[in-house]
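Chemist: Provided below are the primary sequence and the corresponding predicted coordinates.
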Amino acid sequence: MPLLEKIDVAWLSLQDWNDTVSQSLMNAVDLENESRLSVCRRNAFVFVSLILLVALTYSNSFHASWHFDDGPNILENRRVHLKNLSWAEVRKTFLSTPSGSQIEFFRPLSRFSLALNYFLGGDQVFGYHVVNVSIHVIASLFLYLFLYHTFHLPLLRARYGKYSHFVAMLATSLWAVHPIQTQAVTYIVQRMTSMGGMFFIMAMYFYVRALGESSKKRKGFFRVSCATAGLLALLSKENTALLPVNLFLYHLLLVQGLTVRAAKKTFMGLLLACVLPVCAVLGYLIIKHDVVSQVFGLYVTRPFTPWERLLTETRAVLLYIGLLLYPLPSMFSPDHDISISVSIFSPPSTFVSVMLILALLVAGLLVSRR
């Protein structure tokens, strides 16, 4: 066989092999094939994949040492040094300040979890990191379920339903291993943040499940689960009190659609279901434990006022948005600090940040109306 004919035959064989491999790869990621697998098998694959992915990502953090606020919150805080599981000892963990020098109702659920770690392992860091990573895994699993069911809402099903498994899995995987999560997972005392986030995501998942249920019993079960998860989130960290706002926007934008009538109906429903219970809990804390005075009292020893903190947060929000898009390792260190905004024009970036955030909110409103 002449050399040119041999080259032609080899080239055709190579093309056939390339077409076969390409077709196999396309079939592997063919989004239309999602429906060929049962929901149980798809979820099992995602759950196992996420557990392995998170475990591998944080596999080198299980022996990371104590840092910064770990000392006053755990090592030096005798109220979280649980000696036994009697009610008197458990209750003591609910009433512990970061320094342990005063009696105060302070993030009781997350502090109780730290106390359990101390009860089981003392000051050995391994157990604390196992719990922190486990919390992140659970949050990831519920985030996947939440996104999957969101794509099956009536307003979204026709456009995104057939891609729901793939998109939810991809989004959750990126969220689970993004470097921006590192501090909340590996910095032991930041369990307060990750626990609040976990219960927050669980509450959102239970809410969307309640929307899709026709059975009154199952709908009631998911509603109670949503309220319970929301309360547990609030007992883990205070910023999760914004859950009713999230539920209001979620229902308005993705369930009913953005109209004045829908806004009024959604607001009244969530007012009765979420806002009033949260207000009742906050009212109890304010009256029984004088939480407001305690919170503002913390600023006596801090180098900034509540107003300066609020202004500084506008710049922090844009910083985190930037880190989501371009994660610089140097910016994730606890040593990295941000200058305080003493007024809306000092530094000038404060005013720019406020305007950009307002612009993003207006742009989101305009897009949602479409």
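Modeler: Nice, thanks for sending it over.
Chemist: would you list every one of the helices in the stretch 1-150 of the chain?
Modeler: Here the stretch 1-150 of the chain has its helices, by DSSP state H, counting those that start in this stretch, at 3-28, 39-57, 70, 87-94, 108-121, 125-150.
Chemist: Turn those helices into a markdown table, including distance to Lys217 and mean neighbour count.
Modeler: C-betas here are computed from N, CA, C, even on glycine. What follows is these, written out as a markdown table (distance: least, CB to CB, whole Å; neighbours: other CB atoms under 10 Å):
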| stretch | distance to Lys217 | mean neighbour count |
| --- | --- | --- |
| helix 3-28 | 40 | 10 |
| helix 39-57 | 21 | 15 |
| helix 70 | 45 | 20 |
| helix 87-94 | 33 | 15 |
| helix 108-121 | 28 | 20 |
| helix 125-150 | 19 | 21 |
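Chemist: rank those by pLDDT, which is bottom?
Modeler: Among the helices of the stretch 1-150 of the chain, helix 3-28 carries the lowest mean pLDDT, a mean of 51.
Chemist: quick revisit: redo the helices of the stretch 1-150 of the chain as TSV? Include distance to Arg302.
Modeler: Converted to TSV, the helices of the stretch 1-150 of the chain look like this (distance: least, CB to CB, whole Å):
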stretch	distance to Arg302
helix 3-28	54
helix 39-57	34
helix 70	19
helix 87-94	24
helix 108-121	21
helix 125-150	26
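Chemist: Of those, which is nearest Leu231?
Modeler: helix 108-121 (9.2 Å; CB to CB).
Chemist: what comes into contact with the closest one?
Modeler: For helix 108-121, contacts defined as CB atoms under 8 Å, 6 or more residues apart in numbering pick out 73-74, 80-85, 90, 93-96, 127-128, 131, 188-189, 191-192, 195-196, 232, 235-237.
Chemist: Output the strand or helix carrying Leu361 in CSV with nothing but the alpha carbons.
Modeler: Per DSSP states H and E: Leu361 is located in helix 348-369. Written as CSV, here are the backbone C-alpha positions of helix 348-369 (Å, rounded to 0.1, in the frame of the first residue of the first chain):
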residue,chain,number,x,y,z
PRO,A,348,-14.5,57.8,49.3
SER,A,349,-14.9,54.1,48.4
THR,A,350,-17.7,54.0,51.0
PHE,A,351,-20.0,56.2,48.9
VAL,A,352,-19.1,54.3,45.8
SER,A,353,-20.0,51.0,47.5
VAL,A,354,-23.3,52.4,48.7
MET,A,355,-24.2,53.6,45.2
LEU,A,356,-23.1,50.3,43.6
ILE,A,357,-25.2,48.2,46.0
LEU,A,358,-28.2,50.4,45.3
ALA,A,359,-27.6,50.1,41.6
LEU,A,360,-27.5,46.3,41.9
LEU,A,361,-30.7,46.3,43.8
VAL,A,362,-32.4,48.5,41.2
ALA,A,363,-31.0,46.3,38.4
GLY,A,364,-32.3,43.2,40.1
LEU,A,365,-35.7,44.7,40.5
LEU,A,366,-35.9,45.7,36.8
VAL,A,367,-34.7,42.2,35.7
SER,A,368,-37.2,40.5,37.9
ARG,A,369,-40.1,42.4,36.5
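Chemist: And the average pLDDT for it is what?
Modeler: pLDDT averaged over helix 348-369 gives 89.
Chemist: Now do the closest residue to Gly197 other than its chain neighbours against Glu308, distance only.
Modeler: Leaving aside its sequence neighbours, Gly197 sits nearest to Ala139 (CB to CB, 6 or more residues apart in numbering; 5.8 Å). Noted for Ala139: a distance of 31 Å to Glu308, by CB to CB, to the nearest Å.
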